[in-house]
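Chemist: the sequence and its predicted three-dimensional model are supplied below.
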Amino acid sequence: MRPEALDWSVDNCTIARAMAILGEKWTLVVLRDIFAGIRRFDDMRERTGIPRQVLANRLAMLVDSGVLRRVPYREPGARPRHEYRLTEMGFDVYPMLAAIAEWGNRYLADPEGAPVAIVHRECGGEVRAVMRCAAGHEGLKPREVVTAPGRGAQRRDGAPSH
């Protein structure tokens, strides 16, 4: 049986567009640290060991993409520098990062357990990624959902019409 997804173009795929911004390993590491409150270039270098030019390129790309914004600061007696702050677009990445962390904690953690927990600031409970539909059904399992053409879907050239 021919999968219906073959009838639809992926030229405007938002997953591919998102991965063009987020899909490189160091990009998610940078965002992990910014979500943890590490916003300055030298602090990121110290914590991650990312090569200087790679870090500069990732930060510039995230700023250019609208995920981060540069905010000037100046230590006494030092030259002006910038720290990196999340934009609204950047904050919206956090649920995805939490889901990746939850998956990694489940399947890739050391025997002693996960190195970091994402917790609710108010009560301290661990945060879980949950799939929910717009109608309010929560806790959906992967086998309970399917992909379907969205409002911006475009048929592929030569795709059979149904």
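Modeler: Arrived safely, thanks for sending. On a predicted model such as this, the values are computed, not experimentally measured, just so you know.

Chemist: low pLDDT regions in this protein?
Modeler: 158-162 (pLDDT under 70).

Chemist: do a quick rundown of the helices in the protein.
Modeler: Along the chain, the segments classed as helices by DSSP state H run 14-22, 25-35, 41-48, 52-64, 88-91, 94-107.

Chemist: roughly how far is the shortest one from the heart of the chain?
Modeler: This means helix 88-91. Counting by CA atoms, centre = their mean, to the nearest Å, helix 88-91 is centred 10 Å from the centre of its parent chain.

Chemist: what sits up against that helix?
Modeler: Contact with helix 88-91 is made by L31, I34, L62, S65, G66, V67, L68, as judged by CB atoms under 8 Å, 6 or more residues apart in numbering. In short, each C-beta sits where N, CA and C put it, glycine included.

Chemist: redo that, cut-off 6 Å
Modeler: G66, V67, L68 (CB atoms under 6 Å, 6 or more residues apart in numbering).

Chemist: next: stretch 120-132.
Modeler: By CB under 6 Å, 6+ apart, stretch 120-132 touches A98, A99, E102, A117, I118, V119, E138, G139, L140.

Chemist: between those residues, which is nearest D43?
Modeler: Taking CB to CB as the measure, D43 lies nearest I118 of these, at 20.2 Å.

Chemist: the closest one and P95, how far apart?
Modeler: Taken as CB to CB, to the nearest Å, the spacing of I118 relative to P95 amounts to 10 Å.
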